[in-house]
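Q: have a look; sequence and predicted model below, questions after that.
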Amino acid sequence: MKRNNIQIKTILIALIVLVTSCAGNKQPSDLSWYQGQVIEQLVEEDSAVYRVQIGIMASSFWLDKENEDFKKDLSLLQESLQDKKKLDIGVEKETNKIRVVKATR
């Protein structure tokens, strides 16, 4: 009986560790990801938004100044534009708003 209790506890602990470790890496599912991209154009459109061209795509994407990580994201985008550093960019599917900017590893 003790052996069964130990096995059950071990399985429960393993499941808890697995669930919590996966939960921290979850990305929003409403994003399209552009990985390993270089910024080709970065233009301030007005006082609230920047227009961003990723790679050679004809589409424009938008970085809103209301974004909580605006300064960090803008800095990464400027680095990519100037130094051709590659970025991973998460864009909201319906609006083309940039939600996540990360340096490519």
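A: Good, I have the coordinates. The shown structure was predicted, so the numbers you read here are calculated from the model rather than taken from an experiment.
Q: so what sits opposite E44 in the bridge?
A: Beta-bridge partners for E44, by DSSP bridges, are Y50.
Q: how close does it sit to W62?
A: Per CB to CB, to the nearest Å, E44 is found 11 Å from W62. In this view, the C-beta of every residue, glycine as well, is placed from N, C-alpha and C.
Q: relative to L42, how far out is K102?
A: For K102, the distance to L42 - CB to CB - is 17 Å.
Q: for I56, grab phi and psi.
A: When read as degrees, to the nearest 10, the backbone of I56 gives phi -100, psi 10.
Q: so where does the closest residue to it other than its chain neighbours fall, helix or strand?
A: Nearest residue to I56, sequence neighbours excluded (CB to CB, 6 or more residues apart in numbering): E40, at 6.9 Å. In the assignment (DSSP states H and E), E40 maps to strand 39-46.
Q: give the other helices and strands that that strand contacts.
A: Here strand 39-46 touches strand 49-54, helix 70-83, going by 3 or more CB pairs under 8 Å, 6 or more residues apart in numbering; DSSP states H and E.
Q: among those, which is the most enclosed?
A: strand 49-54 (a mean of 19; mean count of other CB atoms under 10 Å).
Q: now that one: average pLDDT?
A: Here strand 49-54 scores 95 as its mean pLDDT.
Q: give me the most central residue, this protein.
A: V100 (3.4 Å; CA atoms, centre = their mean).
Q: roughly how far apart are that one and L31?
A: 7 Å.
Q: pull up the overlap in contacts between these two.
A: By CB atoms under 8 Å, 6 or more residues apart in numbering, V100 and L31 have these common neighbours: G90.
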